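Q: the amino acid sequence is not available; the structure is as follows:
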């Protein structure tokens, strides 16, 4: 295959009680149907609240099943719970093996690897990092084996949380430990990939579109497919809008296209909170 077309969607946050998010997903589905990429990757927060609602996870999977192309998935904190961090109070809910297993049972593999168009693609579960769960060590062992098999091919990494904001070794704060892959797992991850030709890190989680290059790796943050978070609730570090990202990979290059599907609406988080009665 000389060209591989991949569409990244993220933070769909699907649940039957949120018609605005469902409508945005349908607009994205129509866009994907028209373009027919080779693969769709959802980089997490597939469901609105997996830890408290198995129905949200099952509903999200049913909507993805209607897409006309193959899908791969990675879990987000709204699917399986959040990373423990070295700084600040423990997140709620913390990541749990039962919720990880629920995600795998209903949605699919939470980590994966494949080759296409001369590239090695790796998807990681970033929420188990620093968790102490048995799977955290298993995934790092698996990743070590996958990295050893790249054989000089360029590598594209997909995960829910961005690895860092601007610099990999910036001092950690409460905000950076929750928003990015937390330390010390972040340093370990960066060290593991130092030996390969890592060209792309694609993530979601922040609900802001961002695209920058650090050294020889391009970092692409997909916006949420479903909603944006206003400036009163979240600082602005990228572009706040709903949308998706399209990629074309060729044996020694790739292109990135930042896209908004026709008819998508910038649903604000306040609308969702109102539907939930103000709590989240």
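A: On my side now, so go ahead. Remember, it's a predicted structure, so these values are computed and weren't measured experimentally.
Q: may I have the phi/psi pair for residue 121?
A: phi -110, psi 130 (degrees, to the nearest 10).
Q: can you check residue 114 too?
A: For residue 114, the backbone dihedrals (degrees, to the nearest 10) come out as phi -160, psi 170.
Q: residues touching it, list them.
A: Going by CB atoms under 8 Å, 6 or more residues apart in numbering, residue 114 touches 120-121. Where C-beta positions appear, they are placed from N, C-alpha and C, glycine not excepted.
Q: recalculate using a threshold of 6 Å.
A: By CB atoms under 6 Å, 6 or more residues apart in numbering, residue 114 lies in contact with residue 121.
Q: all strands for the chain, in order.
A: Under the criterion DSSP state E, strands of the chain are mapped to 4-9, 39-42, 71-73, 112-116, 119-123, 154-158, 197-203, 210-214, 217-221, 227-228, 244-250, 253-259, 267-268.
Q: ranges for the helices of the protein?
A: Ranges of helices within the chain are 19-35, 54-65, 77-80, 97-106, 134-148, 174-179, 185-193, 269-275, based on DSSP state H.
Q: CSV please, covering these and showing mean pLDDT, mean neighbour count and distance to residue 10.
A: Shown next, in CSV, are the helices of the chain (pLDDT from 0 to 100; neighbours: other CB atoms under 10 Å; distance: least, CB to CB, whole Å):
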stretch, mean pLDDT, mean neighbour count, distance to residue 10
helix 19-35, 97, 18, 11
helix 54-65, 97, 18, 13
helix 77-80, 97, 28, 11
helix 97-106, 98, 18, 15
helix 134-148, 97, 14, 20
helix 174-179, 78, 16, 14
helix 185-193, 95, 16, 19
helix 269-275, 89, 15, 16
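Q: what residues sit buried inside stretch 72-92?
A: By neighbour count on 16 or more other CB atoms under 10 Å, the buried set for stretch 72-92 is 72-85, 91.
Q: for it, how far is the first residue from the last?
A: Start to finish, the residues bounding stretch 72-92 are 26 Å apart (CA to CA, to the nearest Å).
Q: give me the below-cutoff pLDDT ranges for this protein.
A: For the chain, the stretches with pLDDT under 70 are 1, 278-280.
Q: what separates residue 30 from residue 68, distance-wise?
A: 10 Å (CB to CB, to the nearest Å).
Q: span of stretch 71-85 from start to end?
A: Terminal residues of stretch 71-85 lie 30 Å apart, using CA to CA.
Q: whoops, I mixed them up, stretch 251-266
A: By CA to CA, the extent of stretch 251-266 from end to end equals 36 Å.
Q: list the buried residues of it.
A: Of all the residues in stretch 251-266, those buried under the rule 16+ other CB under 10 Å are 254, 258-261, 264, 266.
Q: just to revisit the earlier point, between which two of the buried residues of stretch 72-92 is the distance greatest?
A: 72 and 85 (27.1 Å; CB to CB).
Q: how about the helices of the chain in a markdown table, adding distance to residue 13?
A: Output for these, formatted as a markdown table (distance: least, CB to CB, whole Å):
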| stretch | distance to residue 13 |
| --- | --- |
| helix 19-35 | 6 |
| helix 54-65 | 8 |
| helix 77-80 | 6 |
| helix 97-106 | 14 |
| helix 134-148 | 24 |
| helix 174-179 | 17 |
| helix 185-193 | 24 |
| helix 269-275 | 8 |
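Q: go through these and name the closest to residue 11.
A: Between the helices of the chain, helix 77-80 lies closest to residue 11; by CB to CB that is 8.1 Å.
Q: what is the closest one packed up against?
A: The helices and strands touching helix 77-80, judged by 3 or more CB pairs under 6 Å, 6 or more residues apart in numbering; DSSP states H and E, are helix 97-106.
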